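>>> let me see the structure of the following:
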Amino acid sequence: MDLQIEGKTALITGGDSGIGMETAKFLIHEGVNIVLTDKEEGQALIDAAQDVKKRSRHGAEVITMGCDISDNKEVLRLAEKVVRKFGGAHIIFHSAGARGAAGDFLELTDDDWMKTIEVDLMGAVRVARAFIPQMQKLGWGRMILVASENAFQPYDEESPYNACKAGIINLSKCLSRSYSKENILFNCISPAFIETPMTDAMMEELAKEKNSSMEEAVQWFAQNKRPHIAMQRRGKPEEVASVVAFLCSEHASYINGSNIRIDGGSVASAFG
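Take a look at the predicted model:
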């Protein structure tokens, strides 16, 4: 399918692996220039950009830049670089985030909460604030934020993350009401139990606790903690990225203020 976005530019945060990197591959194959970012411009980000570049068509380029989204000055520098290189970003896929502090609610401190909020909620606020003006000038925009199943089906040990992801959905809806008349559309995706570095770390920790293999830990977690996933497996990043790429396209021109669950059925409610 031709997504009809050749020649546009996409900023992808959290792009050195997982869903962000796979989305970059989909978009660059459609002729979209890619600005790939992560917290640091280390070897992982450089390697990801080289991998993405292999999928390029129609002369689409990929550049990298480290950006700590908890630092507003770094986000503003990133926005300036995108303008200098490509004239602005038409597409924003904000996939950067972290699990943050986890544990018993009464044991989590203000600092635990604020560290999670600074990345998982305020990071999205900063990126939106920096890049919406670019989309306004370009007269066309798509912004996709990453929420989570946790926004609908919260897990008691992850209260800061749960609250931030619920806030992301509300933020996206708010922005969709404010800027859609300017041809800028805002949507969310809510993945669950995807093969990403974040869930890798969770499964490695679980494997150590249970003195088991990583594969056994994944199977135990799916059966005991995510029993509604009928496939009893983690999702693949490309299974999420394909949906994101569609939301970035002209074919999604009447999808605005929506949240799409990509969770293998993990959320038990039909109406969540």
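>>> from here on, contacts and neighbour counts on C-alpha atoms
OK.
>>> can you spell out the domain ranges of this structure, please?
9-194+237-261, 196-234 (automatic domain parsing).
>>> first-to-last residue distance for the first one?
Think domain 9-194+237-261. 25 Å (CA to CA, to the nearest Å).
>>> just to revisit the earlier point, want to throw the domains of the chain into a markdown table with distance to S269 and mean pLDDT?
Below are these laid out as a markdown table (distance: least, CA to CA, whole Å; pLDDT from 0 to 100):
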| stretch | distance to S269 | mean pLDDT |
| --- | --- | --- |
| domain 9-194+237-261 | 9 | 97 |
| domain 196-234 | 10 | 88 |
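>>> pick the most buried one from those domains.
domain 9-194+237-261 (a mean of 20; mean count of other CA atoms under 10 Å).
>>> re the thing from before, any idea which of the domains of the chain gets closest to A268?
domain 196-234 (6.2 Å; CA to CA).
>>> which SS class is the closest residue to H251 other than its chain neighbours?
Once flanking residues are discounted, H251 sits nearest to L3: 6.6 Å by CA to CA, 6 or more residues apart in numbering. Secondary structure, DSSP: H, G, I helix; E, B strand; the rest coil: L3 is coil.
>>> what about L3, neighbour count?
When neighbours are defined as other CA atoms under 10 Å, L3 has 16 of them.
>>> quick one, helices of the protein?
For the chain, helices defined by DSSP state H occupy the ranges 18-29, 43-53, 72-86, 110-120, 122-138, 159-179, 197-210, 214-224, 237-247.
>>> can the ones you listed go into CSV with extra columns for distance to T37?
Shown next, in CSV, are the helices of the chain (distance: least, CA to CA, whole Å):
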stretch, distance to T37
helix 18-29, 9
helix 43-53, 7
helix 72-86, 9
helix 110-120, 14
helix 122-138, 12
helix 159-179, 20
helix 197-210, 16
helix 214-224, 28
helix 237-247, 16
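>>> so which of those is nearest R99?
Of all those, helix 159-179 comes closest under CA to CA, at 6.1 Å.
>>> helices and strands around the closest one, which ones?
With contacts defined as 3 or more CA pairs under 8 Å, 6 or more residues apart in numbering; DSSP states H and E, helix 159-179 has these neighbours: helix 110-120, strand 141-146, strand 184-191.
>>> could you export those as JSON lines, including distance to T13?
Output for these, formatted as JSON lines (distance: least, CA to CA, whole Å):
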{"stretch": "helix 110-120", "distance to T13": "12"}
{"stretch": "strand 141-146", "distance to T13": "10"}
{"stretch": "strand 184-191", "distance to T13": "15"}
